[in-house]
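**Q** sequence-free structure coming up:
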């Protein structure tokens, strides 16, 4: 049965690779388009992770209490079939499009179509003020409340520390980082409009932002920022030449190895009990050599395992949209409505791992919105809703191919595109909360565009 499963996994790999290649060719922003990034995420979750499960002969959404594949071959087979259908449904518009010969025109955009720079002097001032205000507030409070050494040793628990220090304002504190993030993108856009290049001052601000993000213990936001910058650059200048493609691949490979491997090893892995007898250099060498296991091992890419969990315990009550409703009731404090709906990750953990949920005071395991839709509407309902989600991705993808996209949409889509890698990874509630934070970004853009027109 494992051999039959590999047929489905192979077909899934073909779908994701075909979507990635075709989307990269047709988009002005090359591999940074929404469909390309989504295809990479689906490939990791539903191709690399199943291969890893077979190699290790074990699976589980938990770090402990692993299940052997030998006793779960039927669940593995059905999960591989469902994953194949899910990926086909989500990527169907792009797979269908690959049979057409139409290719996007990647010539430079006439600069006059982009309009004027957006309050360049004001944006520069806002960047300075926002950066120093955030840096002062963050480091002073953290150092005074937690202590610099204690904070560094606890970066892996940054979200807990932020909630402990800032309380209910932790969410808004992180939103301020997105505000500064958006200002940097406006500044990059201004430089490309006025000077046709990214200025050294922009690079300085980008490096400062990377330092701030690194101080929060997060790695993904650093990568997101760099992709956002190159998205805007490529949209204005067109798909890169071969030599620039090679440089970009080398650059992002270095960034992945530096922040993905080195930063995580120093931040988290050295503190594990199993690594107590290893020094940092040996651990880095081990993780770099075993880069495949490093990518898919852990709690971030257990979506396939979560699907197998649901298949192994089929006697659950459908939620009929309860977790989706949690997105729209998120603004209501639980102190006012104690029984308000919970997100997909919470419902999954509470249903299938109640001991962990109550012991960890609400700790959640990672599940995708595909598994969440199964919990709500069953298997056929999940496939139908996935088709709608695929249509949404396709609409956003088409915007990256337009040569006359309004300036505000260039900035908004640059922010939105990079999140499509994470969209397939998390449940609807967590995706919704991220987009609520990101909603401040188009608001920032809108205000700046309005002021630009008023002050002309």
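**A** Looks like it came in fine. For clarity, every value in this text was computed on a predicted model and none was experimentally measured.

**Q** show me where the stretch 351-456 of the chain has helices.
**A** 354-359, 369-399, 407-418, 420-423, 428-438, 440-454 (DSSP state H, counting those that start in this stretch).

**Q** Quick one: these as TSV, columns for distance to residue 70, mean neighbour count and mean pLDDT too.
**A** (Glycine included, C-beta is placed from N, CA and C.) Conversion of those to TSV gives the following (distance: least, C-beta to C-beta, whole Å; neighbours: other C-beta atoms under 10 Å; pLDDT from 0 to 100):
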stretch	distance to residue 70	mean neighbour count	mean pLDDT
helix 354-359	24	12	69
helix 369-399	23	19	86
helix 407-418	39	22	78
helix 420-423	33	21	78
helix 428-438	33	18	75
helix 440-454	48	15	61
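
**Q** Out of the ones you listed, flag the one nearest residue 81.
**A** Proximity to residue 81 (C-beta to C-beta) singles out helix 369-399 among the helices of the stretch 351-456 of the chain, at 10.4 Å.

**Q** where does the closest one sit relative to the chain's centre, distance-wise?
**A** 17 Å (C-alpha atoms, centre = their mean, to the nearest Å).

**Q** for stretch 16-25, same thing?
**A** That offset, for stretch 16-25, works out to 19 Å (C-alpha atoms, centre = their mean).

**Q** switch to numbering from 503
**A** Sure thing, new numbering starts at 503, so read that last one as stretch 518-527.

**Q** in it, what's buried?
**A** 518, 521-522, 524-526 (16 or more other C-beta atoms under 10 Å).

**Q** and that stretch, what's its mean pLDDT?
**A** Mean pLDDT, computed over stretch 518-527, is 89.

**Q** same deal with stretch 832-851?
**A** Rounded mean pLDDT across stretch 832-851 is 83.

**Q** Now it: buried residues?
**A** 832, 843-851.

**Q** Residues in contact with it: which ones?
**A** 808, 811-812, 821, 824-825, 827-829, 831, 852, 858-859, 864-869, 871, 873-874, 877, 928-932, 934-935, 938 (C-beta atoms under 8 Å, 6 or more residues apart in numbering).

**Q** Just the terminal-to-terminal distance for that stretch.
**A** Length of stretch 832-851, first residue to last, C-alpha to C-alpha, to the nearest Å: 19 Å.

**Q** again, but for stretch 782-798
**A** End to end - C-alpha to C-alpha - stretch 782-798 spans 21 Å.

**Q** likewise stretch 519-538?
**A** 9 Å.

**Q** what's the offset of that stretch from the middle of its chain?
**A** 17 Å.

**Q** Stretch 738-751 too?
**A** With C-alpha atoms, centre = their mean, you get 23 Å for stretch 738-751.

**Q** That stretch: which residues count as buried?
**A** 738-742, 750.

**Q** Quick one: mark the members of these that sit in strands.
**A** Counting by DSSP state E, none of the members of the buried residues of stretch 738-751 fall within strands.

**Q** And the nearest residue to residue 873 once chain neighbours are set aside, how far from residue 936?
**A** Leaving aside its sequence neighbours, residue 873 sits nearest to residue 808 (C-beta to C-beta, 6 or more residues apart in numbering; 4.9 Å). As judged by C-beta to C-beta, to the nearest Å, residue 808 and residue 936 stand 19 Å apart.

**Q** And stretch 703-714, what's buried?
**A** In stretch 703-714, counting by 16+ other C-beta under 10 Å, buried: 704, 707-708, 710-712, 714.

**Q** and that stretch, average pLDDT?
**A** Here the average pLDDT along stretch 703-714 is 85.

**Q** hang on, residue 812 is in a helix, isn't it?
**A** Yes. Assigned with DSSP: H, G, I helix; E, B strand; the rest coil, residue 812 falls within a helix.

**Q** Kindly reformat the buried residues of stretch 518-527 as TSV containing secondary structure.
**A** Output for the buried residues of stretch 518-527, formatted as TSV (three-state DSSP):
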residue	secondary structure
518	helix
521	helix
522	helix
524	helix
525	helix
526	helix
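
**Q** quick check, nearest of these to residue 902?
**A** Once C-beta to C-beta is applied, the member of these that ends up nearest residue 902 is residue 525, at 8.9 Å.

**Q** Run a quick neighbour tally on the residue nearest to the closest one when sequence neighbours are not counted.
**A** Nearest residue to residue 525 in three dimensions, chain neighbours excluded: residue 537, at 3.7 Å (C-beta to C-beta, 6+ apart). Using other C-beta atoms under 10 Å, residue 537 has 28 neighbouring residues.

**Q** swap in the one 10 residues further on?
**A** Taking other C-beta under 10 Å as the neighbour definition, residue 547 ends up with a count of 25.

**Q** Just give the closest residue to it, not the sequence neighbours.
**A** Closest to residue 547 by C-beta to C-beta, 6+ apart is residue 805, at 4.7 Å.

**Q** Could you check how far that neighbour is from residue 850?
**A** Residue 805 is 11 Å from residue 850, by C-beta to C-beta.

**Q** who touches both of the two?
**A** In contact with both residue 805 and residue 850: 869, 873, using C-beta under 8 Å, 6+ apart.

**Q** okay, and for the stretch 553-702 of the chain, where does confidence drop off?
**A** For the stretch 553-702 of the chain, residues meeting the criterion pLDDT under 70 lie at 600-677.
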